[in-house]
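In: Quick one, fold the following:
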Amino acid sequence: MALAKAGADVVLVARSRDALHAAEIQVRALGGSGEVRTVEADLSTEEGCGRLTNEQPRCDILVNNLGVYDPKSFLETPDQDWQRLFDINVMCGVRLSRAYLPAMMSSGWGRVIFLSSVDGVLASIDSLHYGVTKAAVLALSHGLAKFAGTSGVTVNAVLPAVTKTEWVAAMLQGMAGKAGRSVDDLTRDAIVQRYPTSIDKRIHTVGEVANLVAYLCCPLSSATTGATFRADGGVIDTIL
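Out: The predicted structure is shown next:
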């Protein structure tokens, strides 16, 4: 939605036709000057990535934001769960970058953005396999920036913390109802407990993360590549 507002042609991808239709309506309602297209595909698979690249062979701005979270104890996480998260959180970005980078580099301009997570830096023991995949995303992003080199294509990563997606909002609403508390109070306490280093002590909107992504996708960010940007409210307690 942020990119559509900025005038970009937007391609929405999801497994569900109904979800795609709903998202398309939302994006079109913004009244942006660009086109809005949809592709029904499962990007956790090689076949799904191939379907997207066949239907949309050219891409100037690639936002690798597909990812799943899977809270589970390390000792209770079998190989197939590790592989599933790696296929979704890492290999999708590998496949799409491999498909779209050559034309970007040949044209002398392009943007590739990876959505990682603070868990990729602050490994969480209640979902270690998730944190490992998000750390891999950071390595992939940095390596691809070097690969793109002087071509005019920049590659960067964004680190959100707890973000109020539809799934997270529904989960918090359910937890608050069971506890007999307001959503705001429960959310603030949950963030402080999980991320005691958080500076702003709050959940962030999807739009706040999207605004950072949109900046990294625009021509104004031309000197920025190979970097990791935090949209985490200060959770990662470093000066860099």
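In: For this structure, which segments count as helices?
Out: Listed in chain order, the helices of the chain (DSSP state H) span 2-5, 17-28, 46-55, 79-86, 92-107, 128-148, 166-179, 183-194, 206-217.
In: Give me the domain ranges for this protein.
Out: Listed domain ranges for the chain are 41-162+205-231, 164-203 (source: automatic domain parsing).
In: Now tabulate those domains in a markdown table and tack on distance to V11, mean pLDDT and mean neighbour count.
Out: C-betas here are computed from N, CA, C, even on glycine. What follows is the domains of the chain, written out as a markdown table (distance: least, Cβ to Cβ, whole Å; pLDDT from 0 to 100; neighbours: other Cβ atoms under 10 Å):
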| stretch | distance to V11 | mean pLDDT | mean neighbour count |
| --- | --- | --- | --- |
| domain 41-162+205-231 | 5 | 97 | 18 |
| domain 164-203 | 20 | 92 | 14 |
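In: Touching the strand ranked longest in the chain from outside, list them.
Out: If you go by DSSP state E, the chain has its longest strand at strand 153-160. Residues outside strand 153-160 that contact it (Cβ atoms under 8 Å, 6 or more residues apart in numbering) are 97, 101, 104-105, 109-118, 120-121, 137-138, 141-142, 144-145, 148, 204, 209, 212-213, 216, 221-222, 224-232, 236.
In: Now for L128: which residues touch it?
Out: Contact partners of L128, counting by Cβ under 8 Å, 6+ apart, are F74, T77.
In: again with A23
Out: Contacts of A23 (Cβ under 8 Å, 6+ apart): L12, A14, T38.
In: Can you read off the pLDDT for it?
Out: A23 carries a pLDDT value of 96.
In: For E40, see how far away it is.
Out: Counting by Cβ to Cβ, to the nearest Å, the gap from A23 to E40 is 12 Å.
In: Now the common contact residues for these two.
Out: Between them, A23 and E40 share these contacting residues under Cβ under 8 Å, 6+ apart: A14.
In: Distance check, the residue of the chain positioned farthest from its centre against K201.
Out: In the chain, the greatest distance from the average C-alpha position (Cα atoms, centre = their mean) is reached by G180, at 32.3 Å. Distance from G180 to K201, counting by Cβ to Cβ: 22 Å.
In: now swap in I88 and tell me
Out: With distances taken as Cβ to Cβ, I88 is found 30 Å from K201.
In: Tell me how far the longest strand of the chain lies from the chain's centre.
Out: Chain-centre distance of strand 153-160: 10 Å, with Cα atoms, centre = their mean, to the nearest Å.
In: Please tell me how far A231 sits from H142.
Out: 18 Å.
In: I'd like the helices of the chain as a markdown table, with distance to G34 appended.
Out: A markdown table is the format used below for these (distance: least, Cβ to Cβ, whole Å):
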| stretch | distance to G34 |
| --- | --- |
| helix 2-5 | 6 |
| helix 17-28 | 9 |
| helix 46-55 | 17 |
| helix 79-86 | 33 |
| helix 92-107 | 18 |
| helix 128-148 | 24 |
| helix 166-179 | 24 |
| helix 183-194 | 34 |
| helix 206-217 | 13 |
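In: Mind checking those for the one nearest to I61?
Out: The minimum distance between I61 and the helices of the chain falls on helix 206-217, with 4.9 Å, by Cβ to Cβ.
In: Pull the residues that contact the closest one.
Out: Outside helix 206-217, the residues touching it (Cβ under 8 Å, 6+ apart) are 1-3, 5-6, 8, 61, 63, 111, 113, 115, 154, 156, 158, 160, 163-165, 221, 224, 229, 231.
In: Buried ones in stretch 13-25, by neighbour count?
Out: For stretch 13-25, burial by neighbour count (16 or more other Cβ atoms under 10 Å) applies to V13, A14, L20, A23.
In: tell me the contacts of the residue nearest to the second one when sequence neighbours are not counted?
Out: So that's A14. Ranked by Cβ to Cβ, 6 or more residues apart in numbering and with sequence neighbours excluded, the top spatial neighbour of A14 is L20, at 4.9 Å. Neighbouring residues of L20 by Cβ under 8 Å, 6+ apart: L12, V13, A14, T38, V39, E40.
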